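Colleague: Got a predicted structure here, sequence first:
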Amino acid sequence: GVATDFATLEKEVHAAADALREALSAAGNCTRIGISIPNGKAHIVWSLAVLCCDWTLVPVPGELAQPEKEILLGMTAVAAVLAVEGQPWTGVSEKTMPVSAGELCALFHIGIPGAVDVPEDALAAVHPALIRFSSGTTGTSKGVVISHAALLARVQACNGHLGIMPGDRVLWILPMAH
């Protein structure tokens, strides 16, 4: 595993967010960003960078086949996919550009075709932070929209209940896209 402290993580996230903003400045309005990154520090930093930009994060599970990934991204009408070696984006995009922040490098695939119409006003009113898909074990997988406020409340409740302190360590065993 990789160990880091919160100050270092915060610097890396802000550098990654700046790199994302710069990369998308020429791409127009991009509010939902797919993340196709395997478990690891890069997944955490790039995901937090998307949230830091006040955009909506759409994690793309690595275990999905490419057609399933394309359906997931079409259902959420993502504008772009951020991917890295180990979990590359092999689907179609209008433009691909490298983006980097320090030692973190990724490819930004902008203009993902096949998006469905999304009620933008209704979605914006929720101020979505995350669109995560259910496993589909009891039926068709469904997108679950989690607002920035709800995500913050979840983190605060979890931190308050668990009482995680600076010297504690957290072991993550689920795929980060979940």
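Modeller: Okay, I see it. Quick caveat, the model's predicted, so the values are computed rather than measured. Numbers count the residues shown, from 1 in each chain.

Colleague: just for this structure, where's the confidence low?
Modeller: 1, 26-30, 114-116, 178 (pLDDT under 70).

Colleague: do that again at 80, thanks
Modeller: Along the chain, the model assigns pLDDT under 80 to residues 1-3, 24-31, 113-120, 123, 134-142, 164-178.

Colleague: which residue is nearest the centroid of it?
Modeller: L57 (3.7 Å; C-alpha atoms, centre = their mean).

Colleague: quick one: the helices in the protein?
Modeller: Applying DSSP state H to the chain gives helices spanning 6-25, 41-52, 66-76, 120-126, 148-162.

Colleague: out of those helices, nearest to V99?
Modeller: Among the helices of the chain, helix 6-25 comes nearest to V99, with 4.5 Å by C-beta to C-beta. Quick note: C-beta positions are derived from backbone N, CA and C, even for glycine.

Colleague: Now do the closest one: everything it contacts.
Modeller: 4, 30, 33, 44-46, 48-50, 52-53, 80, 82, 97, 99-102, 104, 108, 110, 166 (C-beta atoms under 8 Å, 6 or more residues apart in numbering).

Colleague: Turn the buried ones among the residues you listed into a named PyMOL selection, would you?
Modeller: Applying 16 or more other C-beta atoms under 10 Å to the contacts of helix 6-25, the buried members can be selected in PyMOL as follows:
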select buried, resi 30+33+44+45+46+48+49+50+52+53+80+82+99+101+104+108+110
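
Colleague: just to revisit the earlier point, looking at the helices of the chain, which one is packed in the most?
Modeller: Burial of the helices of the chain is given as mean neighbour count (mean count of other C-beta atoms under 10 Å); helix 41-52 ranks first at a mean of 21.

Colleague: Can you tell me which helices and strands that helix packs against?
Modeller: The contact analysis (3 or more C-beta pairs under 8 Å, 6 or more residues apart in numbering; DSSP states H and E) places helix 41-52 against helix 6-25, strand 32-36, strand 56-59, strand 104-110.
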